[in-house]
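Engineer: below: sequence and its predicted model.
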Number of protein chains: 2
Amino acid sequence: MKTFINILLLTSAAAFGQAPRMDTLVSPEVQPDRRVTFRVRAPKASEVSLFGDWMMPETRQAMTRDEHGVWSVTVGPLEPGLAIYTFTVDGVTAPDPINPRIKLRARTSASLVDVPGHPPELWEARDVPHGKVEANWAKSKVTGDTRAYYVYTPPGFDSGRSVRYPVLYLLHGNNDTAAGWTDVGKANFILDNLIAEKKALPMIVVMPWGHAVPYTGSQSNNTATFERYLLEEVMSAVEKKYRVARGRENRAIAGLSMGGGHALQIGLGHPDLFSGVAAFSSAVPGNFENRFKPLLDDPEETNKKLKLLWIGCGRQDTAFERNQKLSELLTAHKVRHTFHATEGLHNFAVWRRYLVELAPLLFRKDTN
Amino acid sequence: MKTFINILLLTSAAAFGQAPRMDTLVSPEVQPDRRVTFRVRAPKASEVSLFGDWMMPETRQAMTRDEHGVWSVTVGPLEPGLAIYTFTVDGVTAPDPINPRIKLRARTSASLVDVPGHPPELWEARDVPHGKVEANWAKSKVTGDTRAYYVYTPPGFDSGRSVRYPVLYLLHGNNDTAAGWTDVGKANFILDNLIAEKKALPMIVVMPWGHAVPYTGSQSNNTATFERYLLEEVMSAVEKKYRVARGRENRAIAGLSMGGGHALQIGLGHPDLFSGVAAFSSAVPGNFENRFKPLLDDPEETNKKLKLLWIGCGRQDTAFERNQKLSELLTAHKVRHTFHATEGLHNFAVWRRYLVELAPLLFRKDTN
């Protein structure tokens, strides 16, 4: 593995006026046993700590200082996958200064550590045919800005000129970006691998940016605007630009956290458009019973139309109770669904596993 | 414009176990006159400074502390465009903790500030048809990893089924990523705008990752490996997957800094493959006179084959002298070329302008 050389190195970049010195500190350092050492050089700091998305909310892990002013901590073993973390140095929370792998957000940013599995997990790049991830830039009349929705096209899409593909709309959580499901969720590699194993049907995955109003943390008026953006602009553009199979049978919508709320809201609100709906650790829409009264009151019709209703949540997630209550409500109204209660917090370790489980269920004639 | 509210706000993310509080600090704040205020909350720090890519290398701008522990500085007016900056808080250099716009690198990261032009500059998203930016994942036998090369396809590419397009290979600098030319260089918007104005021909732009060996700062053995990766894998995949116009007349190669070195090395080394070569602020290959002796010794043949040889550099760039000497060497050997000496440092403000000037010259029958 990499060794930790505590010196400074003059880089060739210096000759061109960029960052003149490169610290050769290694952070994060992933051990073969999946323990991870995090390091930050902060000789003048008096308190340095780590927060990672594998930790309970509101907790922090203290780091300790060596004689060179390098603070470090070793954690784990961590689960195989991409984990998100930040350092807090004397009260300033920021990404790891050394590590170039960044979790982009709508506000602030964090670092990523990639813990490989042996053999590689289903969300890792295996030696199989790969699809593409396309950033489609377009001016939006609904949001007022020029933004990109991301589209995964499966291997062979460019050569299979006559084939049409079903479409999964895959939505991210609060304070994320349109790149979240690929950069961190690894949706493209998950689909590549499942398609190569013939466990999932080849499909197109559309990942729009879920913040449709300027992001301030409070997003009360976001959902309705996002729904218009998704249905009026993204969906119509996708159906025009890509070789998609038409009709509700070939359309599903899924999301995590805020995006799970969007998937329930938009998917259940438009049974004419979607035959599959999945919500991961979701922000269940408030006032659900009144909002979706017709759906709950006519389970026979609902069960006929909704080929797949999939709700997953980790038991250690603060959203667990809300999701469990949603499942109980659906059960009481005889609405067929899967409630997938697992171990896990509110993080991508859970959501990658959920996508691995969901994708094989999509667009099957015999689902449910 | 945005106002600066010095309070803390509990976000909806808290309910789902993510970052529990969101600081409402605004940074950066771009004024209408293009002055920019940078802020960081660091109450315990004793020294905070700013470095931006509009500043001379090795310099820093001090920031001052207010009574709430917020350090700030106002600079500019800055040129319209995306600028790159970092904060150094008590010796720790990192991106702006608040600002989500990140300059990704091969090692470390930095922040981006977007200074809009009025009217919008050619590198800004205007209300014109937009092309796509595609991340093509593929396992590389040359580099040993699975990596993405980025491809810009112009507006109408998907519908123009019978049209074939010329290809520009566009290379980034040291410590950058395959996303650098689009995320920061805005190559996609530059092409969109120039194509809309009919100033540039519609073309495909291919942007591979220029670090073909593990990045350590020293890249002595990188160039040869990158050349193999580009020619043996990227180019052959592009010619298979995309509707490209064949032949050297329809291929050009350009790059900035390290990528300018790559463009000269690969482009001039393979006149059978490229008819256009451009180097921006480039790391001119060492021992040029011996390395390209056949090219210098037969200017008639060179000038016949090389439709375009374009060398640009800013006078304030530490690479200026090397580029000027290259131009003098070419002139002494009667090799036709453009030497474009401009004002400017070693930064994307220069390189975006150079791409704006270069793109209209490419793939013209009458070039030179």
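Structural biologist: Received it, and whenever you're ready, just let me know what you need.
Engineer: low-confidence stretches in the stretch 251-368 of chain A?
Structural biologist: Scanning the stretch 251-368 of chain A for pLDDT under 70 picks out A:366-368.
Engineer: what helices or strands is the host helix or strand of A:Thr74 leaning on?
Structural biologist: Here A:Thr74 sits within strand A:70-75, counting by DSSP states H and E. Packing partners of strand A:70-75 (3 or more Cβ pairs under 8 Å, 6 or more residues apart in numbering or on different chains; DSSP states H and E): strand A:36-41, strand A:48-52, strand A:61-62, strand A:64-65. Bear in mind the C-beta positions are built from the backbone N, C-alpha and C, glycine included.
Engineer: where do the helices of the stretch 201-350 of chain A begin and end?
Structural biologist: A:222-228, A:235-241, A:258-269, A:288-291, A:293-297, A:299-305, A:320-332, A:348-358 (DSSP state H, counting those that start in this stretch).
Engineer: looking at these, which is closest to A:Ala187?
Structural biologist: Proximity to A:Ala187 (Cβ to Cβ) singles out helix A:348-358 among the helices of the stretch 201-350 of chain A, at 6.1 Å.
Engineer: quick one: contacts for A:Ala212?
Structural biologist: Applying Cβ atoms under 8 Å, 6 or more residues apart in numbering or on different chains to A:Ala212 gives the contacts A:Val142, A:Thr143, A:Asn222, A:Thr225, A:Phe226, A:Arg228, A:Tyr229.
Engineer: quickly list what the nearest residue to A:Gly344 once chain neighbours are set aside is bridged to.
Structural biologist: Among residues not flanking A:Gly344 along the chain, A:Gly314 sits closest, at 2.9 Å (Cβ to Cβ, 6 or more residues apart in numbering or on different chains). Counting by DSSP bridges, A:Gly314 is bridged to A:Thr342.
Engineer: can I get the helices of the stretch 201-350 of chain A in JSON lines with distance to chain B and mean neighbour count?
Structural biologist: Shown next, in JSON lines, are the helices of the stretch 201-350 of chain A (distance: least, Cβ to the nearest Cβ, whole Å; neighbours: other Cβ atoms under 10 Å in any protein chain shown):
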{"stretch": "helix A:222-228", "distance to chain B": "10", "mean neighbour count": "18"}
{"stretch": "helix A:235-241", "distance to chain B": "6", "mean neighbour count": "15"}
{"stretch": "helix A:258-269", "distance to chain B": "8", "mean neighbour count": "26"}
{"stretch": "helix A:288-291", "distance to chain B": "16", "mean neighbour count": "13"}
{"stretch": "helix A:293-297", "distance to chain B": "24", "mean neighbour count": "14"}
{"stretch": "helix A:299-305", "distance to chain B": "27", "mean neighbour count": "14"}
{"stretch": "helix A:320-332", "distance to chain B": "9", "mean neighbour count": "16"}
{"stretch": "helix A:348-358", "distance to chain B": "11", "mean neighbour count": "24"}
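Engineer: on that earlier part again, rebuild the contacts of A:Ala212 as CSV, extending it with pLDDT and distance to A:Asn175.
Structural biologist: Formatted as CSV, those follow (pLDDT from 0 to 100; distance: Cβ to Cβ, whole Å):
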residue, pLDDT, distance to A:Asn175
A:Val142, 97, 20
A:Thr143, 95, 17
A:Asn222, 94, 12
A:Thr225, 96, 17
A:Phe226, 97, 14
A:Arg228, 97, 21
A:Tyr229, 98, 18
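Engineer: show me what residue of the stretch 251-368 of chain A gets nearest to chain B.
Structural biologist: Per Cβ to the nearest Cβ, A:His346 is where the stretch 251-368 of chain A lies closest to chain B, at 4.1 Å.
Engineer: can you tell me which residues contact the nearest residue to A:Met56 once chain neighbours are set aside?
Structural biologist: Nearest non-adjacent residue to A:Met56, counting by Cβ to Cβ, 6+ apart: A:Leu345, 7.3 Å away. Counting by Cβ under 8 Å, 6+ apart, A:Leu345 makes contact with A:Asp53, A:Trp54, A:Met56, A:Pro57, A:Gly314, A:Gln316, A:Asp317, B:Gly17.
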